[in-house]
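S.K.: Take this sequence and fold it.
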Amino acid sequence: MNPAGPIDRDCFIVAARADADGAPPLGRKLSRYLTDLGAAAVSAALADFSSEKIDPARVGVYTASGAARYDLAALGVKMARLDGSGPLWSGGLADLDPFALLKLMSCNVLSVLSMALPAEGASEHHADDAPGGIAALAAAAGAIRRGAIDWAVVVAFDDLASDHARAELAASGKRGDARQLAVLHLSAAADGARARLGAVKLLHGDGEGTVGGGAALSVVVEALASLRDPILLAVETDGAVATVELLPVHGVSP
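M.R.: Residues are numbered from 1 along each chain as shown. Alright, predicted model coming up:
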């Protein structure tokens, strides 16, 4: 099937959440390479997804985060031992945990989720701040519609609680929730679906809403909670305006 071909399958939302309550704990091997919010994001994504009898090659992971807001305190402890007067490697870089930087990268949630599910299908990470969640949702839905995958996990997250992030917001005059986490599970089948996902459109350059990687997708999760009739959801975030069409599944054949 041509990935660039026309949409020929429906895409359904089978689960959605905007927090990590009730999520299973992560194994130590996985959680040790994630920040606290990253661990919460992966746990929440696993909570409503069953990979039983699902071909890993047909599962995709789509993640979105805000700008790269590094945990400066944690990294600073590692970097403080560097001796800048001599060769960098023998002067301290050789002593760094090889995952010290990887743990702080936002796209690491994608790699850890891919291992945890497991998921070997088409996957993407979006780091364009507030519009990222909608961009990830559109990409995941497109992959399902064109037949590249049958299942997708979409995770959008961010942490605006750190000193670095608060200073960034204060300087810009923008606003956003301190901790943001939203998860959607998409499927090509209607079994147990909460909604059918219609068109998802994202326009950059006009939005004046909140910032943060999970800001936009959280609005979609909230709308699903009261879905009774078709909704054309307008989502405005900093730097973008999006529309997401949510349709009830009544009368839809699996």
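S.K.: Helix, strand, or coil at residue 29?
M.R.: Look at residue 29: counting by DSSP: H, G, I helix; E, B strand; the rest coil, its state is helix.
S.K.: hey, which helix is longest across this protein?
M.R.: Longest helix in the chain by number of residues, with DSSP state H as the criterion: helix 132-145.
S.K.: partners of the next helix or strand after that one, with directions?
M.R.: Note on helix 132-145: by DSSP states H and E, the next helix or strand toward the C-terminus is strand 151-159. Partner strands for strand 151-159, per DSSP bridges, with pairing direction: strand 59-65 (parallel), strand 179-187 (antiparallel).
S.K.: Now stretch 200-211: buried residues?
M.R.: 200, 202, 207, 209, 210, 211 (16 or more other Cβ atoms under 10 Å). Glycine gets a C-beta too; all of them are placed from N, C-alpha and C.
S.K.: could I get stretch 44-54 in CSV with only the CA atoms?
M.R.: What follows is stretch 44-54, C-alpha atoms only, in CSV (Å, rounded to 0.1, in the frame of the first residue of the first chain):
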residue,chain,number,x,y,z
ALA,A,44,0.1,6.0,31.5
ALA,A,45,0.5,4.8,28.0
LEU,A,46,0.8,1.2,29.1
ALA,A,47,-2.2,1.4,31.4
ASP,A,48,-4.8,1.1,28.7
PHE,A,49,-3.0,-0.8,26.1
SER,A,50,-3.0,-4.5,25.7
SER,A,51,-0.4,-6.0,23.3
GLU,A,52,-1.7,-9.5,23.5
LYS,A,53,-2.1,-11.2,20.1
ILE,A,54,-1.0,-7.9,18.4
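S.K.: Looking at that stretch now, give me its mean pLDDT.
M.R.: For stretch 44-54, the mean pLDDT works out to 87.
S.K.: What of stretch 111-119?
M.R.: Per-residue scores along stretch 111-119 average to 92.
S.K.: Between helix 132-145 and the helix or strand residue 243 falls within, find me the angle.
M.R.: For residue 243, the host element (DSSP H and E) is strand 240-247. When axes from the mean of the first three to the mean of the last three Cα atoms, to 10 degrees is applied, the directions of strand 240-247 and helix 132-145 differ by 40 degrees.
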